[in-house]
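*Asks:* fold the stuff below for me.
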Amino acid sequence: MPIQVLMPALSPTMEKGNLAKWLKKEGETIKSGDVIAEIETDKATMEVEATDEGTLGKILIPEGTADVAVNTPIATILADGESAADLAKAPAPAKQEKAAESAPPAAEAKSAPTPKGEPAPAAPSAVAPPDPEIPQGTEMVTMTIRDALRDAMAEEMRRDPDVFLMGEEVAEYQGAYKVSQGLLQEFSARRVIDTPITEHGFAGIGVGAAMSGLKPIVEFMTFNFAMQAIDQIINSAAKTLYMSGGQMGCSIVFRGPNGAAARVAAQHSQDYSAWYSQIPGLKVIAPFSAADYKGLLKAAIRDPNPVIFLENEMLYGHTGEVPKLDDYVIPIGKARVVRSGGHVSIISWSNGMSYAIKAADELAKEGIEVDLIDVRTIRPLDTDTIVASVKKTGRAVTVEEGWQQSGVGAEIAARIMEHAFDYLDAPVARVSGKDVPMPYAANLEKLALPSVAEVVAAAKAVCYR
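*Replies:* Numbering: from 1, shown residues only. Below is the predicted model:
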């Protein structure tokens, strides 16, 4: 089937761009990595690289077109053996779903595995059940994750005058990713503070303010830059309570985007989940849904101890339902069962849930029902919920964008072995980012990240072992 080329998002805040020039013509051969077009925004001109090989079948948006919305189909690529007649057919499914078809053919011929200890439930809904504390009939508001974060900070700043926000470009520019939009206007420069470009410096000021009884929210433009502040986070914030014998607390939240974004290369794409989750004295949160982003950030701001709040740049523009409540707070340290199934447990967090949810949908088509767990909080880790799920299914797959060695998935696998070994029908499988620094080229970046196909294949492997 023809493959659609979509208008790319060149930054997390980009909604539209101008298609300035086509560098390839209809009928020309396209190789992965070829520059096929130029896109202009108000900030820069960027090249669009092909991630697939074939022939440029049809240009859907002519060059010179302004204000093309992100994700609009701009061209189609024909694979080998396809002709222009194939363009009239239905669009190809998402590339990741197509890749899932490459799973081992032997598994296709087998029937779905028998669930552990109970009959297979009816096909579950992909919609996550509401948290128990949400009253029945509560109105749900659809909002982006960046808006959910902003609302959480605004509500806590209204509630407690000791809460303030500081970081690079959080005030006048309203956040590099527009997360703090409107906060300067409401709370003034006294509580929404632009800092110099010195993570070590402003993180240290935040720690000192927290030790003095204030409640700072420190935004890093990316957690890659927080490496400059690692001494303040680990040696000061995390260890203060212990080294003072409980006499001095440090109520501070370090937040910002973590992990891979889009074409920002190795020094801006590292996942720090495992790094911070090893440190006693820190709590580490990595949500996926808009509701969890809001409820858990409010809980983090109220926590008397330092919290690492790992966001994901690729999720900022995603929307979800958030309960319209005066005070929606989710307890730190509790995982969420996103969907219930009896064949295999898939455990993930943050953007790893994007792959896990799509994989669960694919597996359901083949009669494999997934017990899908979003851990939400990496430290403390909700071992009880994970173990209960594995005891039900007998099989487990972890999904993360970070590296596999010493990763969060390794910790989860170890806890499953410690607490549910006798219930396992197969070894725990791990799907993760590849063991390389993140490449810049789009096609290589795609290969370095996990895929839906890999999650599907791992789940089948443990089910049909």
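*Asks:* quick check, residue 57 in contact with residue 79.
*Replies:* No - using CB atoms under 8 Å, residue 57 is not in contact with residue 79; the gap is 9.5 Å. Yep, even glycine has a C-beta here, placed from its N, CA and C like the rest.
*Asks:* can you list the weak-confidence ranges in the stretch 251-400 of the chain?
*Replies:* Scanning the stretch 251-400 of the chain for pLDDT under 70 picks out no residues.
*Asks:* what are the ranges of the strands in it?
*Replies:* With DSSP state E, counting those that start in this stretch as the criterion, the stretch 251-400 of the chain has strands at 253-257, 283-285, 307-311, 319-323, 336-339, 344-348, 370-374, 377-379, 396-399.
*Asks:* just to revisit the earlier point, which residues do residue 57 and residue 79 both contact?
*Replies:* Shared contacts of residue 57 and residue 79 (CB atoms under 8 Å, 6 or more residues apart in numbering): residue 2.
*Asks:* between those two, which one's more packed in?
*Replies:* Comparing residue 57 with residue 79 by other CB atoms under 10 Å, the one with more neighbours is residue 57, at 22 against 15.
*Asks:* do you know how far that one is from residue 460?
*Replies:* 33 Å (CB to CB, to the nearest Å).
*Asks:* repeat for residue 328
*Replies:* From residue 328 to residue 460 the distance is 38 Å (CB to CB).
*Asks:* settle it for me: which of those two has more neighbours?
*Replies:* Under the criterion of other CB under 10 Å, the comparison of residue 328 against residue 460 puts residue 460 first, with 25 against 21.
*Asks:* name the element the more buried one belongs to?
*Replies:* helix 452-463 (DSSP states H and E).
*Asks:* helices or strands next to that helix in the packing?
*Replies:* If you count contacts as 3 or more CB pairs under 8 Å, 6 or more residues apart in numbering; DSSP states H and E, helix 452-463 packs onto helix 95-100, helix 105-108, strand 344-348, helix 352-365, strand 396-399, strand 429-431.
*Asks:* so which of the ones you listed is nearest residue 375?
*Replies:* The closest approach between residue 375 and any of the helices and strands packed on helix 452-463, judged by CB to CB, belongs to strand 344-348 at 6.4 Å.
*Asks:* quick check: buried residues in the closest one?
*Replies:* By neighbour count with 16 or more other CB atoms under 10 Å, strand 344-348 contains the buried residues 344, 345, 346, 347, 348.
*Asks:* nearest to residue 139, of those?
*Replies:* Nearest to residue 139 among these, with distances taken as CB to CB, is residue 348, at 28.8 Å.
*Asks:* for the closest one, list each beta-bridge partner.
*Replies:* With DSSP bridges applied, residue 348 shows beta-bridge pairing to residue 374.
*Asks:* so it makes contact with residue 356?
*Replies:* Yes - Residue 348 lies in contact with residue 356 (CB under 8 Å); the separation is 4.3 Å.
*Asks:* got the contact list for the nearest residue to residue 220 once chain neighbours are set aside?
*Replies:* Excluding the flanking residues, the one nearest residue 220 by CB to CB, 6 or more residues apart in numbering is residue 256, at 3.7 Å. For residue 256, the contact set (CB under 8 Å, 6+ apart) comprises 167, 219, 220, 221, 222, 223, 226, 309, 311.
*Asks:* and the furthest pair within the residues you listed?
*Replies:* So, the contacts of residue 256 by CB to CB: farthest apart are 221 and 309, at 14.2 Å.
*Asks:* so the two - more neighbours on which side?
*Replies:* Neighbours around residue 221 and residue 309, counted as other CB under 10 Å, are more numerous at residue 309. The numbers are 26 against 19.
*Asks:* how near is the more buried one to residue 377?
*Replies:* 10 Å.
*Asks:* got any residues that touch both of these two?
*Replies:* 285, 296.
*Asks:* surely residue 349 touches residue 289?
*Replies:* No - counting by CB under 8 Å, residue 289 is not a contact partner of residue 349; they are 11.0 Å apart.
*Asks:* with neighbour numbers in mind, choose between these two.
*Replies:* Counted by other CB under 10 Å, residue 349 and residue 289 do not tie: residue 349 has more neighbours, with 31 against 23.
*Asks:* in stretch 212-222, which residues are buried?
*Replies:* 214, 215, 216, 217, 218, 219, 220, 221, 222.
*Asks:* so which of the residues you listed sit within strands?
*Replies:* Secondary structure from DSSP state E places 215, 216, 217, 218, 219 of those in strands.
*Asks:* burial count for residue 144?
*Replies:* 19.
*Asks:* pLDDT score for it?
*Replies:* Here the pLDDT value assigned to residue 144 is 94.
*Asks:* return the residues in contact with it.
*Replies:* Taking CB under 8 Å, 6+ apart, one finds 290, 316, 317, 318, 319 in contact with residue 144.
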